[in-house]
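>>> Provide a 3D model corresponding to the input given below.
(one chain, ligands or ions: 3)
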Amino acid sequence: MRAVTWHGRADVRVDTVPDPTIQEPTDVVVEVTSSGICGSDLHLIEVMAPFMTVGDVMGHEPMGVVREVGREVTAVKPGDRVVVPFNISCGTCWMCSQGLQSQCETTQNREQGYGASLFGYTKLYGQVPGGQAEYLRVPFGNTLPIKVPDGLPDDRFVYLSDVLPTAWQAVQYAAVPPGGTLLVLGLGPIGDMCTRIAHHLGIENVWASDVVPERLARATARGTHVIRSTDQAQVVSEIRDATAGRGPDAVIDAVGMEAHGSPVATIAQKASAIVPDAIMEKVMQVAGVDRLAALNTAIEAVRRGGTISLSGVYGGASDPMPLNKMFDKQIQLRMGQANVWRWVPDILPVLTEGDPLGVDDFATHHVPLEQAPQAYADFREKKDGAVKVLLTP
Ligand SMILES: NC(=O)c1ccc[n+]([C@@H]2O[C@H](COP(=O)([O-])OP(=O)(O)OC[C@H]3O[C@@H](n4cnc5c(N)ncnc54)[C@H](O)[C@@H]3O)[C@@H](O)[C@H]2O)c1
Ligand SMILES: [Zn+2]
Ligand SMILES: [Zn+2]
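Ligands and ions are numbered 1, 2, ... in the order given. Predicted coordinates:
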């Protein structure tokens, strides 16, 4: 089959790789019909490169049609339409039963000291072949795939794999009080969807910051107040002006480790391009590699006693955080990979009853799988209006 594979920094290609097969009696094989490119994929072709291996199949936002099922699979059958969550979670362990599917105890990567395996991610998360491919092997066929109805286009459901639960969790973790104000940093797919969900859930004052014109325009069109800057001083000053000098009740960081405006990590990133991977792997796990600009803006901007909800992914271990300020401001900080299944029962009805979140035209680009390298480049460079790209194998 054809699949998007990792070859190095800023280098993905479409290769022919072996077709996936049923390996466990609970596996299913899904023929992928749509597969998103995520901001997290950009980390893999940059900062997280030392944890990747040439030939790794990318992608963790797929949906499609079940083609084969293992002999113990009863919950889905060939022909069923399913979305595949980006966390590989068993659905039955203690963590899964707590709604913490990103910490699944069956797929936790204990040797690496990391949480549940993820499709198409680094060796820290199981190095499991991903879904930017014609076919995908999906374990836990009775509990993992999300069955969705026929009749509506893929765009209606595909974001259940990641963007929707990630943004939903970010907004829930933000815990904005009635009448309160939410500031979302970053208007990539995740930040944009956070603002949509925030409006849908009745949060009254929704603000967002970014500098990319198309992304700002999308947010403005749906009633979000925007700050056309990612400069910390500017963002903090504008949001304080809008909140009686106090700051927003909650800030969502939907940016992560590649934030604009933090010089230190740029050096680490450059180093990661010239230092051998074996050494860089160690360096990255014990030393800082993140650009903390967005997180620092969140800490500065949030009101005293407010909440920071972190959905942007950070990869380093010891970048200095202003703990004194976090303590003094009594900040509450919640974060993590989204627990996809935790939110599916809340989100699915929102998708079948209409399109209040605007998912039908959320994607800016639908691109054949073969054109993935160009699509990655455009998304990374934020060129050609690329906000959300769906690959169609
Ligand atoms: N927690 C999870 O489960 C989960 C799931 C999916 C994605 N993510 C993470 O969420 C983050 C966003 O993903 P995305 O797909 O929207 O990516 P993206 O790269 O398209 O979006 C990031 C946006 O942030 C903006 N930005 C950069 N620096 C900024 C700053 N200092 N202040 C404000 N905005 C700034 C950029 O212009 C860009 O529009 C990534 O780190 C991704 O890895 C987390
Ligand atoms: Zn993703
Ligand atoms: Zn589990």
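
>>> Report the separation between the residue of the chain found nearest ligand 2 and Thr352.
Per Cβ to the ion, Cys38 is where the chain lies closest to ligand 2, at 2.8 Å. Backbone N, C-alpha and C define where each C-beta goes, glycine included. Distance, Cys38 to Thr352, using Cβ to Cβ, to the nearest Å: 24 Å.

>>> Could you tell me which strands sit next to the top strand by length along the chain in the sheet, and their orientation?
In the chain, with assignment by DSSP state E, the single longest strand is strand 28-37. Paired neighbours of strand 28-37 in the sheet (DSSP bridges): strand 62-69 (antiparallel), strand 135-138 (antiparallel), strand 389-392 (antiparallel).

>>> Highest mean neighbour count across those strands, which stretch is it?
strand 135-138 (a mean of 26; mean count of other Cβ atoms under 10 Å).

>>> If you count contacts, what does the following helix or strand past it end up packed against?
Once strand 135-138 ends, the next helix or strand along the chain (criterion: DSSP states H and E) is strand 146-147. Secondary-structure packing of strand 146-147 (3 or more Cβ pairs under 8 Å, 6 or more residues apart in numbering; DSSP states H and E): strand 81-83, helix 340-352.

>>> Quick one, which of these gets closest to ligand 3.
That would be helix 340-352 among the helices and strands packed on strand 146-147, by Cβ to the ion, at 9.5 Å.

>>> near ligand 1, anything from the following helix or strand past that closest one?
Going down the chain from helix 340-352, the next helix or strand is strand 365-368, by DSSP H and E. No. Strand 365-368 does not reach ligand 1 (Cβ under 6 Å from any ligand atom); its nearest approach is 12.7 Å.

>>> do stretch 224-242 as well
Yes. Using Cβ under 6 Å from any ligand atom, stretch 224-242 reaches ligand 1 at Thr230.

>>> What's the end-to-end length of that stretch?
End-to-end distance for stretch 224-242, by Cα to Cα, to the nearest Å: 13 Å.

>>> Contacts for that stretch, please.
181, 183-185, 187, 195, 199, 205-211, 216, 219-220, 246-248, 259-261, 293-294, 296-297, 300-301 (Cβ atoms under 8 Å, 6 or more residues apart in numbering).

>>> For Met335, find the nearest of the strands paired with strand 28-37.
Shortest distance between Met335 and the strands paired with strand 28-37, using Cβ to Cβ, is found for strand 62-69: 24.7 Å.

>>> how far is that closest one from where the chain is centred?
Remark: strand 62-69 is offset 22 Å from the chain centroid, using Cα atoms, centre = their mean, to the nearest Å.

>>> outside of it, which residues touch it?
Under the contact criterion Cβ under 8 Å, 6+ apart, strand 62-69 has outside partners 22, 27-36, 76-84, 119, 130-132, 135-136, 141, 145, 148, 154, 157-158, 160-161.
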